[in-house]
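S.K.: Structure here, sequence nowhere to be found:
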């Protein structure tokens with residue numbers, strides 16, 4: 001089986017007693033198992049938050065097919081899973097570079113380690129680039145089934161939708177991906193989703209219509 005190492009993910013928990021604990025998880029390094037784990041986490045969150053018709057009967061597909069299959073709204077659904085990795089926009093710094101403050105944004109990828117420099121432009125482009133790479137493969141649409149692309153990240157939270165000062169906000173990364181998909185199309189994918197495996201999954205495309213004023 002193909003091996004695909006990926007970064008642990010999780011969060012720091014603070015108890016009322018003041019105890020601090022790191023709650024970390026790691027996906028399987030076996031590619032086929034990892035893809036099904038990601039799909040299962042996505043489906044659990046999607047169903048729990050009622051983001052659409054319930055998804056049921058999730059199962060893995062063969063190596064020559066898409067990564068997972070399920071049923072949504074009583075119709076067949078196939079899912080292609082791909083990872084957005086932080087090394088596409090975060091880069092190691094020497095102690096001299098870090099101490100000199102030669103960066104505008106930084107992120108700590110490993111607890112206690114020196115932060116990595118973040119390239120803001122590459123950060124904003126990262127989501128679209130991973131989607132574009134999948135579109136370039138020109139997959140044949142499955143017969144009699146809907147096909148979704150599921151992008152996941154185990155790195156430091158890659159923000160797409162969030163609340164800032166009480167206002168729902170769309171990140172530049174998500175806005176760029178949606179603009180590019182609007183102009184280039186999403187075929188063969190009927191829907192594109194993003195999940196960090198910890199918070200609410202976000203439908204990248206098609207975007208939900210804006211609420212009426």
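M.R.: Sure, I can see it. Just so it is clear, the structure is predicted and the values come from calculations on it, not from any experiment. Numbering: from 1, shown residues only.
S.K.: got the contact list for residue 45?
M.R.: By CB atoms under 8 Å, 6 or more residues apart in numbering, the residues touching residue 45 are 51, 195, 200, 201. C-beta: built from backbone N, CA, C; applies to glycine.
S.K.: give me the beta-bridge partners of the most centrally placed residue in the chain?
M.R.: Closest residue to the average C-alpha location of the chain: residue 152 at 2.6 Å, with CA atoms, centre = their mean. Counting by DSSP bridges, residue 152 is bridged to residue 83, residue 195.
S.K.: Distance from the longest helix along the chain to the middle of the chain?
M.R.: Ranked by residue count, the top helix of the chain under DSSP state H comes out as helix 31-48. Between the centre of helix 31-48 and the centre of its chain there are 11 Å (CA atoms, centre = their mean, to the nearest Å).
S.K.: buried stuff in it?
M.R.: Buried positions in helix 31-48, judged by neighbour count with 16 or more other CB atoms under 10 Å: 31-32, 34-39, 41-43, 45-46.
S.K.: Can you show me the helices along the chain?
M.R.: Going by DSSP H, the chain shows helices at 31-48, 95-99, 120-135, 172-184.
S.K.: Please list all residues in contact with residue 189.
M.R.: Residue 189 makes contact with 80, 134, 135, 147, 148, 149, 205, according to CB under 8 Å, 6+ apart.
S.K.: give me that answer again for 7 Å
M.R.: Applying CB atoms under 7 Å, 6 or more residues apart in numbering to residue 189 gives the contacts 147, 148, 149.
S.K.: Take those residues and write them to CSV, including pLDDT.
M.R.: Rendered in CSV, the data for these read as follows (pLDDT from 0 to 100):
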residue, pLDDT
147, 96
148, 97
149, 97
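S.K.: Tell me which of the residues you listed fall in strands.
M.R.: 147, 148, 149 (DSSP state E).
S.K.: contacting residues around the last one?
M.R.: The reference is to residue 149. Contacts were defined as CB under 7 Å, 6+ apart; by that measure residue 149 touches 80, 82, 131, 134, 189, 192.
S.K.: Pull the number of nearby residues for the fourth one.
M.R.: I take that to be residue 134. Using other CB atoms under 10 Å, residue 134 has 18 neighbouring residues.
S.K.: got the contact list for it?
M.R.: 80, 82, 149.
S.K.: Repeat the analysis, applying 10 Å as the threshold.
M.R.: 80, 81, 82, 149, 151, 186, 188, 189, 192 (CB atoms under 10 Å, 6 or more residues apart in numbering).
S.K.: Drop anything exposed from the contacts of residue 45.
M.R.: 51, 195, 201.
S.K.: per-residue pLDDT, the second one?
M.R.: Turning to residue 195, the model gives it a pLDDT of 96.
S.K.: so where's the chain uncertain?
M.R.: 1-24, 63-64, 111, 156, 209-213 (pLDDT under 70).
S.K.: Residue 80 is in contact with residue 140, correct?
M.R.: No: taking contacts as CB atoms under 10 Å, residue 140 lies outside contact range of residue 80: 11.8 Å.
S.K.: Give me the common contacts of the two.
M.R.: 147, 188.
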